[in-house]
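Undergrad: One predicted model, sequence on top.
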Amino acid sequence: MRSVVLITCSLMAPVMQSSSQSLVAVHRINTGSNVFILEGREKLVLVDAGYPGNGRKICRQIEKLAPKKLSLIFVTHAHFDHYGCADYIRKATGAPVGIHELDAPTMAAGKTPIPLVKSWGRAGKLLFPLGMKVWKTEPTSADMTFIEGDRLDAYGISAQVIHTPGHTDGAASLLVDDSVLFAGDLVVSVLHIGKQCYFATSWEAIDSSISKLKQLAPHRTFPGHGAAEISREELMEFK
């Protein structure tokens, strides 16, 4: 892991509980995109930070898990609906913001690139610039950047960063306890359950990243949008 600066420091019904390994529970917060609080035995890790304007809502849910403290804000990719509240939560909790090194410059510039679109993605590409103005997306600098294979054990969960490009160049998934995967927008469960087929920087890279996920064969995969989780069997059926 490449550290820059380490800052000191509803729905809250858990969608998953575990009695073994490092993960105690997963709490999902719907902000229009999914935000997950990963509850470890002593610390909390946030996966994604939702649309701008949801910072107070997310922080209230984090506070409900006190005395456990937030140790890290892990952003799966640099789209405004996933890093929108990262700076707000960082200031409120003292937890550092981390993202894959290839997406850090985009997040720092406050941008959301979507060069390739298909199907419903065409409408999304037209609406994204308006959405970023409505939700007042702010540039967000990373405190640390990650690369393939970096581990998050120091933050209270047994997790590995998996580089899964295609939706963005620096899109990254988080594999926890070798069995639970947080895949950001590489997978979708809105309109259908399957691989990302609306927005991409490379459709070929998406296919390669899906193949990588199949090799990991997680028991459960949580998408960046939609309430449904994806089972191992469903993931293996992705074309």
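TA: Yep, it's here. Residues are numbered from 1 along each chain as shown.
Undergrad: so which strand or helix has residue 133?
TA: Applying DSSP states H and E as the criterion places residue 133 in helix 121-134.
Undergrad: can you check residue 57 too?
TA: In the assignment (DSSP H and E), residue 57 maps to helix 55-63.
Undergrad: Looking at that helix now, give me its mean pLDDT.
TA: Averaged across helix 55-63, the pLDDT comes to 97.
Undergrad: Give me the next element, helix or strand, following it.
TA: strand 69-74.
Undergrad: tally of neighbours for residue 34?
TA: 25 (other Cβ atoms under 10 Å). For every residue, glycine as well, the C-beta is placed using N, CA and C.
Undergrad: Check the burial of residue 220 by counting its neighbours.
TA: The number of residues packed near residue 220 is 17, by other Cβ under 10 Å.
Undergrad: Just the pLDDT at it, thanks.
TA: Confidence score, pLDDT, at residue 220: 96.
Undergrad: Show me what counts as buried in the helix holding residue 57.
TA: 55, 57, 58, 59, 61, 62 (16 or more other Cβ atoms under 10 Å).
Undergrad: Tell me how far residue 63 lies from residue 224.
TA: 24 Å (Cβ to Cβ, to the nearest Å).
Undergrad: now what about the helix holding residue 57, what contacts it?
TA: Contacting residues not belonging to helix 55-63 are listed as 10-12, 27, 29, 31, 35, 37, 44, 46, 49-50, 70, 85, 88-89, 92-93 [Cβ atoms under 8 Å, 6 or more residues apart in numbering].
Undergrad: Contact partners for residue 231?
TA: Taking Cβ under 8 Å, 6+ apart as the test, what residue 231 contacts is 219, 220, 221.
Undergrad: what's the spacing between the second one and residue 196?
TA: Residue 220 is 18 Å from residue 196, where distance means Cβ to Cβ.
Undergrad: Equivalent analysis for residue 175, please.
TA: Distance from residue 175 to residue 196, by Cβ to Cβ: 18 Å.
Undergrad: Same check on residue 151?
TA: Residue 151 is 25 Å from residue 196, by Cβ to Cβ.
Undergrad: Of the two, which one has the most company?
TA: residue 196 (25 against 13).
Undergrad: Spatially, what comes nearest to the more buried one if we skip its sequence neighbours?
TA: residue 167 (5.1 Å; Cβ to Cβ, 6 or more residues apart in numbering).
Undergrad: the helices in this structure, which residues?
TA: Along the chain, counting by DSSP state H, helices occupy 55-63, 80-83, 86-93, 104-108, 121-134, 203-216, 232-236.
Undergrad: Grab the CA positions of the first one and hand them over as CSV.
TA: Included here for helix 55-63 are C-alpha records, laid out as CSV according to Å, rounded to 0.1, in the frame of the first residue of the first chain:
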residue,chain,number,x,y,z
GLY,A,55,-22.5,12.4,4.5
ARG,A,56,-24.6,13.1,7.6
LYS,A,57,-26.8,10.1,7.0
ILE,A,58,-23.8,7.8,6.6
CYS,A,59,-22.0,9.2,9.7
ARG,A,60,-25.2,8.6,11.8
GLN,A,61,-25.1,4.9,10.9
ILE,A,62,-21.3,4.8,11.7
GLU,A,63,-22.0,6.3,15.1
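Undergrad: Begin at 667, not 1, for the rest of this chat.
TA: Noted, 667 is the first residue going forward, which turns the last one into helix 721-729.
Undergrad: how far does it sit from the chain's center?
TA: 17 Å (Cα atoms, centre = their mean, to the nearest Å).
Undergrad: between it and helix 752-759, how many degrees?
TA: 50 degrees (axes from the mean of the first three to the mean of the last three Cα atoms, to 10 degrees).
Undergrad: now helix 721-729 against strand 735-740, angle please.
TA: 130 degrees.
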